[in-house]
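Q: I would like the atomic coordinates for the input below:
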Amino acid sequence: MTTVYVCDKNGSDDQHDGLSEVTALATAVEALLKFDNPKIFVKKEQGFEPISGAALKKATKLADAKRRKLAKAAENAASAAAEEEKRLEEAKSITIKEDLSLPKGQRTKIRNAEKFRGKRIDVRGWVHRLRAQGSSMWFMIVRDGTGYMQCVLTGDMCKTYNALTLSIESTVRVVGTLNPVLEGKDAPGGHELQADYWEVIAKAPSGEEAYQSKLNVHSGQDILLDNRHLHIRGEQVSAILKMRSICQRYFRQWYFSHGFYEITPPSVVQTQVEGGSTLFNMSYFGEPSYLTQSSQLYLETVLPAMGDCFTMAESFRAEKSHTRRHLAQYTHMEGELVFINFDELMTHMEDLICETLELVMADTEGAKFMQLLNPSFKIPKRPFRRMRYTEAIDWLNANGVLLVEEEEVAEGEQPKTTKRPFKFGDDIPEAPERKMVDTIGEPMFLTHFATGIKSFYMKRCEDDMSIVEAVDLLMPNVGEVIGGSMREDKLDLLMEGYERAGISPGPYYWYNDQRRYGSAPHGGYGIGIERFLAWVLDRYTVRECTLYPRYAGRCQP
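A: Numbers count the residues shown, from 1 in each chain. Sure thing, here's the model as predicted:
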């Protein structure tokens, strides 16, 4: 006779085996179901005691009822499985053939289908959704990457073996007549394909391996990211990626229409731009090198040869950050302009953002995806608010936003934090910066930062060398979207910048030569495409705005 323990407070019928006090079951009914004639002890105030006769009688009655219920369910399941097997076997004898006497279906992508209304067309894609209306009418939503089409299957087309075993994400070919939907009805594109023939190209798994089993509303972020290659097939995710493509296209169009040239800089470098702590180290044929943090320095070298220029390339930052606005690899759009001043640089940045968004919103697809993803979005008005770094310090202190600092402690001790007001020379962290711009509630340029907290290449103000002509464009709910500055064009001041940053100027000989061989006032900026999209599309994290996000702990798929 097996001894089984039951505790209605801390026990578990699902996770415990009942064989010890620690792994007690939750109910005596489950003990009777799991074991043959067990000796049951239940938890009382003084500890575990033998179950009373009345309680055992009641539990036995409930267990017998549950056994009968389970047996009936098993019987019904077996009967249903046999019926299904019979139905599938009968379905193998039902075949459909394409009527070759009909006009040949016009092959078309779904987004181009409207012009073929009233005609026979041939569409190929993935089964996105499937809904049966009785046994003789199915509504199949087919996706081909360019759009979605509702296909109506009737009669024997719904009864073949392929039809009865069809799973989501299978690829199919559907042929039929494209008709506008009836008034009061709804379908993607305002039309539906009345099928006269269809066939399976390749079946997707069903059961536990089915698409909807792997990815559903209960899937956690790690599951979604592990299966990102499947997740991107969803309507929201694919719309984000399409919107990304549209925005990048119009950024390029804007640049080209304003006389910029696009350049393709190297990704393997031997110099730093944004600080050595975020460099990805690598060996380049035995030489120490890094993955680029920014292409800015290379863009500067192009100015005398090509004039204003831009690039859209990958940048890498070895930050072990898990915030919602950081990635280890991101698409970095950078622009560089020559013979300009600081005010002209900021005006250019405003025009780039606003006029590109106007192009996006005027695009049919761009407007459609914006309506799906962020229907309340409005293009910001120009000019953007401008606030100097010293004014930001005053605002933070006036609004009770404190700087949080970690004190140095001995190894193994818990870190301690202190809070104090901001002062000139403090780097404003992300959280206080976000608090400020979210409270102000409009796009703003944060300008004229303290020299000591900015990069070596930034131009110091001629009337105050403690300040640099640098600018961050901050957006509500996102924070920094663009960072830019005028570049130091005087060689002696650039050398001071190297010294201030503890960088040897030797490897930068080619960059220094820009100041020796005809220097000129110039400035530029960088935009993280993912941050830009997170702002425009109102996404919680930049990870949603890239194909396969890369950050500390995530390098697959």
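Q: now for the helix or strand hosting Ser245, which elements pack on it?
A: Taking DSSP states H and E as the criterion, Ser245 maps to helix 235-257. Packed against helix 235-257 by the contact rule (3 or more C-beta pairs under 8 Å, 6 or more residues apart in numbering; DSSP states H and E) you find strand 261-262, strand 309-316, strand 329-338, helix 342-362, helix 364-373, helix 529-536. For glycine as for every other residue, the C-beta is placed from the backbone atoms N, C-alpha and C.
Q: Mind checking these for the one nearest to Gly145?
A: Nearest to Gly145, of all those, is helix 364-373, at 12.7 Å by C-beta to C-beta.
Q: ok, Gly307 - how many residues close by?
A: Gly307 is flanked by 14 other residues according to other C-beta atoms under 10 Å.
Q: out of everything not next to it in sequence, what's closest to it?
A: Of all residues not flanking Gly307 in the chain, Val338 sits nearest, at 6.5 Å (C-beta to C-beta, 6 or more residues apart in numbering).
Q: Beta-bridge partners for the closest residue to Gly335 other than its chain neighbours, please?
A: Of all residues not flanking Gly335 in the chain, Phe310 sits nearest, at 4.4 Å (C-beta to C-beta, 6+ apart). Counting by DSSP bridges, Phe310 is bridged to Glu262, Gly335.
Q: Could you report the neighbour count for Phe310?
A: Per other C-beta under 10 Å, the neighbour tally for Phe310 reads 26.
Q: In contact with it, which residues are there?
A: 255, 260-263, 299, 333-336 (C-beta atoms under 8 Å, 6 or more residues apart in numbering).
Q: about what we covered before: from Gln296, how far out is the residue nearest to Gly307?
A: With distances taken as C-beta to C-beta, to the nearest Å, Val338 is found 13 Å from Gln296.
Q: When those two are compared, which one has more neighbours?
A: Set Val338 next to Gln296 and count neighbours by other C-beta under 10 Å: Gln296 wins out with 26 against 19.
Q: what's the distance between that one and Met333?
A: For Gln296, the distance to Met333 - C-beta to C-beta - is 11 Å.
Q: tell me, what's touching the two both at once?
A: In contact with both Gln296 and Met333: Gly526, using C-beta under 8 Å, 6+ apart.
Q: Just put the helices and strands packed on helix 235-257 in a markdown table and tack on mean pLDDT and distance to Glu430.
A: Output for those, formatted as a markdown table (pLDDT from 0 to 100; distance: least, C-beta to C-beta, whole Å):
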| stretch | mean pLDDT | distance to Glu430 |
| --- | --- | --- |
| strand 261-262 | 98 | 31 |
| strand 309-316 | 96 | 18 |
| strand 329-338 | 96 | 16 |
| helix 342-362 | 97 | 20 |
| helix 364-373 | 96 | 24 |
| helix 529-536 | 94 | 12 |
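Q: I'd like to know which of those lies nearest to Ile453.
A: With C-beta to C-beta as the yardstick, what comes closest out of the helices and strands packed on helix 235-257 is helix 342-362 (17.8 Å).
Q: which other helices and strands contact the host helix or strand of Glu49?
A: In the assignment (DSSP H and E), Glu49 maps to strand 47-50. When contacts are defined as 3+ C-beta pairs under 8 Å, 6+ apart, strand 47-50 packs onto strand 39-44.
Q: Would you mind listing the buried residues in the strand it packs on?
A: Neighbour-count burial for strand 39-44, counted by 16 or more other C-beta atoms under 10 Å, picks out 40-43.
Q: now, among those, which is nearest to Leu88?
A: Closest approach to Leu88 among these (C-beta to C-beta): Ile40, at 45.4 Å.
Q: Report the contact partners of that closest one.
A: Shown in contact with Ile40 (C-beta under 8 Å, 6+ apart): 4-6, 28, 31-32, 50-51, 56, 59.
Q: Could you identify the buried members of the contacts of Phe310?
A: Neighbour-count burial (16+ other C-beta under 10 Å) applied to the contacts of Phe310 gives 255, 260, 263, 299, 333-336.
Q: Closest one to Lys69 out of these, please.
A: Among those, and counting by C-beta to C-beta, the member closest to Lys69 is Met333, at 63.2 Å.
Q: Which residues are in contact with the closest one?
A: Applying C-beta under 8 Å, 6+ apart, we find Met333 in contact with 248, 251, 310-312, 526-529.
Q: So, low pLDDT: which residues of the stretch 101-250 of the chain?
A: Low-confidence segments of the stretch 101-250 of the chain, defined by pLDDT under 70, are absent.
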